[in-house]
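Visitor: quick one, structure for this:
(one chain, ligands or ions: 1)
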Amino acid sequence: MEQVGANRCFGGWQKRYHHPSSVLGCDMHFSVYFPPQAEGSSALPVLYWLSGLTCTDENFVIKAGAQRLAAELGMIIVAPDTSPRGDGVPDAPDGAYDLGLGAGFYVNATQAPWAQHYRMYDYIVNELPTLLQANFNVSSKAAIAGHSMGGHGALVIALSNASRFSSVSAFAPIVNPMECPWGQKALGAYLGDDKTAWQDYDACHLLRQQGAFLSLPIRVDQGMADDFLDSQQLTRPLEAVSVELDYPAEFHYHPDYDHSYFFIASKIDDHLRFHAHHLGLTDAP
Ligand SMILES: N[C@@H](CCC(=O)N[C@@H](CSC=O)C(=O)NCC(=O)O)C(=O)O
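Guide: Below you'll find the predicted structure:
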């Protein structure tokens with residue numbers, strides 16, 4: 001693993017790394033914010049941030065403005081890329097933004113030509129945490145968050161690995177990919193036509209299946225001026241499932257906010273405080 005960037009930021013460091021991924025079969029970048037407390041001897045908890053369509057590991061780092069509060073809270077934030085990358089990694093034949101490069105959907109693909117490299121689920125759940133444990137002073141406590149496609153990834157990964165995460169949050173997540181154009185296109189390509197294989201990657205399905213056995217804290221924020229709100233099954237279907245199950249997830253709706261990083265930057269502190277509380281860094285959210 002090689003460090004390829006380092007910027008002093010709120011008394012800590014915003015760093016970028018490059019490493020060979022055996023799971024993805026290619027070289028990957030990821031970004032890490034180390035708060036000032038990382039220079040001490042205590043292991044710090046990690047918040048994984050999963051970004052949306054078209055993003056790399058850098059969109060969140062540059063646009064969300066999370067570092068100021070992460071520095072105060074003593075929280076490491078890890079932002080991975082959104083798909084495998086590089087020569088030899090297939091892309092959508094028409095260069096579409098919602099399939100292939102920048103659109104890994106956090107699944108393990110089973111279909112040609114994707115199956116060899118598109119294994120973002122295993123990369124986030126297994127390879128990346130192991131790499132972080134081996135190289136940095138991180139504690140075993142972790143939380144996960146994301147936006148849109150990354151909100152889908154965060155919810156699916158946390159719901160399927162609830163013992164690994166103290167909390168999960170999402171901005172404008174795709175919560176029912178089985179029933180929306182972005183999800184149907186990606187899951188169809190990566191997993192094939194058998195929709196039973198899609199269920200493992202649908203947050204609504206997972207919550208309905210497992211909600212009765214879970215105590216995972218969930219928070220979702222949604223802008224009401226989001227152009228994708230209804231067309232891409234964002235947020236509301238998951239709220240309906242949580243109401244149906246009486247699952248105590250938090251849903252916050254915000255008039256006038258859209259799907260962009262302006263929304264994320266406006267509300268990211270609420271998510272960091274939510275996770276800090278459940279990670280045991282603070283008494284109150
Ligand atoms: N180009 C597309 C939509 C692309 C887009 O809005 N991407 C979002 C995530 S959407 C769901 O995963 C994003 O985070 N973009 C990067 C950024 O820095 O804003 C279109 O215009 O329709």
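Visitor: how near is the residue positioned nearest the centre of the chain to the ligand?
Guide: With distances taken as CA atoms, centre = their mean, Leu50 lies nearest the centre of the chain, 2.5 Å away. According to CB to the nearest ligand atom, to the nearest Å, Leu50 stands 10 Å off from the ligand. To be clear about C-beta, it is placed using only N, CA and C from the backbone, and glycine gets the same treatment.
Visitor: ok, that residue - contacts?
Guide: 80, 82, 106, 124, 144-147, 149-151, 153-154, 157 (CB atoms under 8 Å, 6 or more residues apart in numbering).
Visitor: next to the ligand, which bits of the stretch 51-200 of the chain? Give me the list.
Guide: Gly52, Leu53, Thr54, Cys55, Asn59, Lys63, Tyr97, His147, Ser148, Met149 (CB under 6 Å from any ligand atom).
Visitor: got a PyMOL select line for the buried ones in those?
Guide: PyMOL command restricting those to the buried ones, with burial defined by 16 or more other CB atoms under 10 Å:
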select buried, resi 52+53+55+59+63+147+148+149
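Visitor: which of the residues of the stretch 51-200 of the chain next to the ligand sit farthest apart?
Guide: Lys63 and Tyr97 (17.4 Å; CB to CB).
Visitor: now do the phi/psi pair for Lys185.
Guide: Dihedral angles phi and psi of Lys185 (degrees, to the nearest 10) take the values phi -60, psi -50.
Visitor: and for it, the neighbour number?
Guide: 17 (other CB atoms under 10 Å).
Visitor: over to Leu245?
Guide: 15.
Visitor: OK, contacts around it?
Guide: Each residue near Leu245 by CB under 8 Å, 6+ apart is listed here: Leu207, Arg208, Gly211, Ala212.
Visitor: could the residues you listed be laid out in JSON lines, adding distance to the ligand, pLDDT and neighbour count?
Guide: Listed next are the contacts of Leu245 as JSON lines, based on distance: CB to the nearest ligand atom, whole Å; pLDDT from 0 to 100; neighbours: other CB atoms under 10 Å:
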{"residue": "Leu207", "distance to the ligand": "20", "pLDDT": "98", "neighbour count": "24"}
{"residue": "Arg208", "distance to the ligand": "23", "pLDDT": "98", "neighbour count": "18"}
{"residue": "Gly211", "distance to the ligand": "24", "pLDDT": "90", "neighbour count": "19"}
{"residue": "Ala212", "distance to the ligand": "29", "pLDDT": "90", "neighbour count": "10"}
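Visitor: tell me which of those residues fall in strands.
Guide: For those, not one is inside strands, with DSSP state E as the criterion.
Visitor: list the buried ones in the helix of greatest length in the chain?
Guide: If you go by DSSP state H, the chain has its longest helix at helix 261-278. Residues of helix 261-278 classed as buried by neighbour count (16+ other CB under 10 Å): 261, 263-264, 266-278.
Visitor: all strands of this structure, in order?
Guide: Using DSSP E, the strands of the chain run over 2-9, 12-21, 26-34, 44-50, 76-80, 138-147, 168-171, 218-223, 250-254.
Visitor: how about the fourth one: buried residues?
Guide: In terms of neighbour count (16+ other CB under 10 Å), strand 44-50 has its buried residues at Leu44, Pro45, Val46, Leu47, Tyr48, Trp49, Leu50.
Visitor: now do stretch 128-144
Guide: Neighbour-count burial for stretch 128-144 flags Leu128, Pro129, Leu131, Leu132, Phe136, Val138, Lys141, Ala142, Ala143, Ile144 (criterion: 16+ other CB under 10 Å).
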